[in-house]
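Visitor: kindly generate the corresponding structure for this input.
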Amino acid sequence: MGIHGLMTYIGENHNFFNNVKLQNTKIVIDGNNLFHRLYFDSGIDLKHGGEYDLFTDVICKFFEALSLCNIAPYVVFDGGCDCTDKKFETLKQRARKKIQNAHIISRGGGGMLLPLLNPEVFKQVLLQLQVPFVQCHSEADRDIVTLANQWACPVLTLDSDFCIFDLKAGYCPLNYFKWQSVTTPKDHSGSYISAQCFSVENFCKHFNLVNKALLPLFAVLNGNDYANLPTLETFLARVHIHARASGSARRKNMRIQGLLNWLSTFSDPEEAMENILKCLKQNEREEVRKVLCAVMDEYTQSEVDLTKFFQNKDLRAHVPIALASKAPEWMCLALMKGELAPFLSDCLILKRAFLQTQVENTGRPSSNRCSLYIRQVIYGLLLCANEPYSNQMLDLSGRGSIQAGIGEERLRKMSCVDEFDRYEQTLRKSSVPAVLKGFNANEIYSLQRLPEVNVHHKYKISLSDRIHFLLDVLQAKPDVLALPAHLQLTVAVTCYWVAHVEPKVTLHHLQALLLCIVTGELNKIIQKSGNSSFDEKSIRMVRDRLTHVKERKQQMWNLDLNVAHMFCQWQSCLLMGIYLNQLLCFPLPVPDITRLYRGTYVHRLYQTLQSMVAAEDLLKGSLIAGEVYHELLHTVITTVPADYFQKKHKSKHKSQAKLKEKQTTNSSGSSINENKEKQGTWHDANNRFAALATEEF
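Guide: The predicted structure is shown next:
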């Protein structure tokens, strides 16, 4: 939620806060708020599609600071949209704002827009650091308050709604939480983080509010994400709450002050509400009363007991009816564990999806268009989970047929999702049909059959079937499965991207992306403990050469929108590929995206390749580096027509006529097959690189 102008107002009066030294305590963290603030406040690049490695470092430093002070974090994330749709208009407004922000940033202006994969990166880091977290089924505010009050610990966020909730241990706004400068006293009393904690008592005392229960009514009257009743403006004008003032910020402050001063004349919210209704027309009163009461209820504690989840990972009793009626039990629990994205529950319950905007070329179709087919398959898996299709499945792309007895028009209407996405510089809704694909022509389809929760379940879909299904959707060949496990999904998605990207991808785009992945693999090798069985020195040399491309001093250069648009399409495909893999219960391992993509680095690699530098030249000196690169390149190249990259110009050192030779020859001149015989592959079980194939993320 959010109360218009309140955080700015309270920030101007430090009498509302208590200075605290946080140590030796639990703390409940608003996860969505934190990953936004950590990225934006760190000054990390916003133009090039995300610096996920730098973001990972910031997250690690944040939780390291908490650990130094013996602060135990519990992170709570928002889930999908509320099934009552009470914030629908707010969601549309925010989506429009993001589109405008993206356009401004793409033209060199200021603004804030979170890179696409940030939420997934944040959760992966939490898993790696073993920080406990939970994902609620809708907005998390009330559940956060309930948990914090049960533990009598503070809440960490930057959401003005927490100024309204009655929190026993208070609310620490992130902008007053000095985690970057941990204090270690000389008296050995323990390290602590200095913070300012908002006090509801101080706030009420300042305005002579005798009853804290009046604050939710203030939130509604001032305007929050759930209520913006034009009728109330009539009331506000009649009681002369608005004071004449110049400047929008000043007017907001006067409105806040006026409302709080007016509310201080009442002993409880019921008395104040009756005075409001008296100012309205008779036929408006009952509707306004219902809205006021409903929104005020949003500031009460919830019935969800998250302590049980953190103790035993089980909250089956608190699954909303709307979700429980459509989703199997395994899916409800997976949503709470954060193993499934809220995007999936929105599609299932509301048949609606807000697609995220990226910094791209707004003169071209949305980058999300590239991943359309993956989403259509996701919609098919979700929306038709309980329909008894067998044998031939209806494929709405036109390749299948429909089971007898099911009306095609009825099925099409049932199997559509309303997508809200960028169209030029505006928000547009499109009704997108699902694509129904069968795992096996002789088996009945159902969401119940996807997981391996119960190995004795007679409807269980085998792992091999799910892998085949996923690769088929991504149009990747089984060759992908010969790669290290943690790279399989990423490379499969890259195959899909090459086939669907608009305009057509060039070899330099693909090479820049793969070189970024190779750099990440080399870093993993270097970070492992010493082993004399391979040449670590040469690995470091090539890694440093590749990294130097990123660090090279350059004059300020404008964002190449066409290049950005290509890589935005890849990120959209990767995100939807990850979602599809989640829904299929992870037939392929989750790719480690914390250091997979670095926007400025990929863009500069592309520029370097454009300047007639060959990819092989950047890899010279390391057999392993060349082998990693060529194996990735070969896997992708074999999925496209033989002449796919033929029309590109010749480079300084090589021509596209030698592409096949580049796929099979490493930087030292020996064939990959020859070197495999000499040293084993880079993911062979008998050498150190096997760790790359077996490491779990």
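Visitor: burial measure for G110, as a count.
Guide: 8 (other CB atoms under 10 Å). Where C-beta positions appear, they are placed from N, C-alpha and C, glycine not excepted.
Visitor: same question for G109.
Guide: Counted with other CB under 10 Å, G109 comes out at 9.
Visitor: please renumber so the chain begins at 3
Guide: Yes, from this point I'll number from 3; that puts the last item at G111.
Visitor: what's N363 in contact with, if anything?
Guide: Neighbouring residues of N363 by CB atoms under 8 Å, 6 or more residues apart in numbering: 108, 563-564, 566-567.
Visitor: ok, I73 touching L24?
Guide: Yes. Between I73 and L24 a contact is recorded at 5.9 Å, counting by CB atoms under 8 Å.
Visitor: now for these two: what residues contact both?
Guide: Common neighbours of I73 and L24 (CB under 8 Å, 6+ apart) are I195.
Visitor: can you check the pLDDT for the residue positioned nearest the centre of the chain?
Guide: For the chain, the residue nearest the mean C-alpha position is P121 (2.9 Å; CA atoms, centre = their mean). pLDDT recorded at P121 is 97.
Visitor: check the one 10 residues further on too.
Guide: L131 carries a pLDDT score of 97 in this model.
Visitor: which residues sit in contact with the closest residue to it other than its chain neighbours?
Guide: Using CB to CB, 6 or more residues apart in numbering and skipping residues adjacent in sequence, the residue nearest L131 is F65, 5.4 Å away. Neighbouring residues of F65 by CB under 8 Å, 6+ apart: 75, 131, 133.
Visitor: out of those residues, which are buried?
Guide: Taking 16 or more other CB atoms under 10 Å as the criterion, what is buried in these is 75, 133.
Visitor: including secondary structure and distance to D189, could the contacts of F65 go into JSON lines?
Guide: Rendered in JSON lines, the data for the contacts of F65 read as follows (DSSP: H, G, I helix; E, B strand; the rest coil; distance: CB to CB, whole Å):
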{"residue": "P75", "secondary structure": "strand", "distance to D189": "26"}
{"residue": "L131", "secondary structure": "helix", "distance to D189": "30"}
{"residue": "V133", "secondary structure": "coil", "distance to D189": "30"}
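Visitor: out of the contacts of F65, who's nearest Y381?
Guide: V133 (32.4 Å; CB to CB).
Visitor: where does the stretch 503-652 of the chain have low pLDDT?
Guide: By pLDDT under 70, the low-scoring segments of the stretch 503-652 of the chain are 531-536, 552-559, 648-652.
Visitor: helices along that one, start to end?
Guide: With DSSP state H, counting those that start in this stretch as the criterion, the stretch 503-652 of the chain has helices at 509-529, 538-553, 563-585, 601-612, 617-620, 625-639.
Visitor: returning to what we had before: and the residue nearest to the centre of the chain, what element?
Guide: Element membership of P121 [criterion: DSSP states H and E] is helix 120-131.
Visitor: do the same with N204
Guide: helix 202-208.
Visitor: just grab the bridge partners of T159 for me.
Guide: On the basis of DSSP bridges, T159 is bridged to P175.
Visitor: residues in contact with it?
Guide: T159 makes contact with 31-32, 35-36, 146, 173, 175-176, according to CB under 8 Å, 6+ apart.
Visitor: so which of those residues wins on neighbours?
Guide: The most crowded member of these, judged by other CB under 10 Å, is I146 (32 neighbours).
Visitor: wasn't that residue part of a strand?
Guide: No. Assignment of I146 by DSSP: H, G, I helix; E, B strand; the rest coil gives helix, placing it outside any strand.
Visitor: hmm, back to that, report the angle between the helix holding P121 and helix 563-585.
Guide: With axes from the mean of the first three to the mean of the last three CA atoms, to 10 degrees defining the directions, helix 120-131 sits at 50 degrees from helix 563-585.
Visitor: which is the next helix or strand following helix 120-131?
Guide: Sequence-wise, the next helix or strand downstream of helix 120-131 (DSSP H and E) is strand 135-137.
Visitor: centre of the chain to that following strand, how far?
Guide: Taking the mean of its C-alpha atoms, strand 135-137 sits 14 Å from the chain's own mean (CA atoms, centre = their mean, to the nearest Å).
Visitor: isn't V147 right next to Q303, touching?
Guide: Yes. Counting by CB under 8 Å, V147 touches Q303, with 5.8 Å between them.
Visitor: compare the two (neighbour count), which wins?
Guide: It is V147, of V147 and Q303, that has more neighbours when counted by other CB under 10 Å, with 24 against 15.
Visitor: name the nearest residue to the more buried one, sequence neighbours excluded.
Guide: Spatial nearest neighbour of V147, excluding adjacent residues (CB to CB, 6+ apart): F167 at 4.7 Å.
Visitor: distance of the one you found from A566?
Guide: From F167 across to A566, the span is 41 Å (CB to CB, to the nearest Å).
Visitor: all helices of the stretch 303-452 of the chain, in order?
Guide: Using DSSP H, counting those that start in this stretch, helices in the stretch 303-452 of the chain cover 308-314, 323-326, 331-338, 344-351, 374-385, 410-416.
Visitor: check which helices and strands the first one sits against.
Guide: By that I understand helix 308-314. In terms of contacts (3 or more CB pairs under 8 Å, 6 or more residues apart in numbering; DSSP states H and E), helix 308-314 is packed against strand 73-79, strand 135-137, helix 143-153.
Visitor: pairing partners for the first one, with directions?
Guide: To tie it back to what came earlier, the one meant is strand 73-79. In the sheet, strand 73-79 lines up against strand 27-32 (parallel), strand 135-137 (parallel) (DSSP bridges).
Visitor: neighbours of the closest residue to Y581 other than its chain neighbours, how many?
Guide: Nearest residue to Y581, sequence neighbours excluded (CB to CB, 6+ apart): A343, at 5.5 Å. Neighbour count of A343, defined by other CB under 10 Å: 22.
Visitor: give me the phi and psi angles of A343.
Guide: A343 adopts backbone torsions of phi -80, psi 150, taken as degrees, to the nearest 10.
Visitor: list the contacts for P322?
Guide: 85, 139-140.
Visitor: which of those residues scores worst on pLDDT?
Guide: Among these, C85 has the weakest pLDDT, 82.
Visitor: any idea how far the residue lying closest to Q571 once chain neighbours are set aside is from M543?
Guide: Excluding the flanking residues, the one nearest Q571 by CB to CB, 6+ apart is C372, at 3.9 Å. Separation of C372 from M543 (CB to CB): 36 Å.
Visitor: these two - which one has more neighbours?
Guide: Remark: of C372 and M543, C372 carries more neighbours, 24 against 16, as counted by other CB under 10 Å.
Visitor: isn't that one up against Q573?
Guide: No. Contact between C372 and Q573 fails when scored by CB under 8 Å: they sit 9.7 Å apart.
Visitor: what's the PyMOL line that selects buried ones from the contacts of N363?
Guide: Selection of buried members from the contacts of N363 for PyMOL, criterion 16+ other CB under 10 Å:
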select buried, resi 108+563+566+567
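Visitor: which one of the contacts of N363 is nearest P505?
Guide: When the contacts of N363 are compared for distance to P505 (CB to CB), N564 comes out closest, at 8.0 Å.
Visitor: skipping adjacent residues, who's closest to that closest one in space?
Guide: Nearest residue to N564 in three dimensions, chain neighbours excluded: N363, at 6.1 Å (CB to CB, 6+ apart).
Visitor: residue ranges for the strands of this structure, please.
Guide: 19-24, 27-32, 73-79, 135-137, 157-159, 173-175, 195-200, 354-356, 418-425, 428-435 (DSSP state E).
Visitor: and the residue lying closest to G522 once chain neighbours are set aside, how many neighbours does it have?
Guide: Closest residue to G522 apart from its sequence neighbours, by CB to CB, 6+ apart: R597 at 4.9 Å. R597 is flanked by 20 other residues according to other CB under 10 Å.
Visitor: so R597 touches N525, yeah?
Guide: Yes. Contact criterion CB under 8 Å: R597 and N525 qualify, at 6.9 Å.
Visitor: that concludes my questions; thank you for your assistance.
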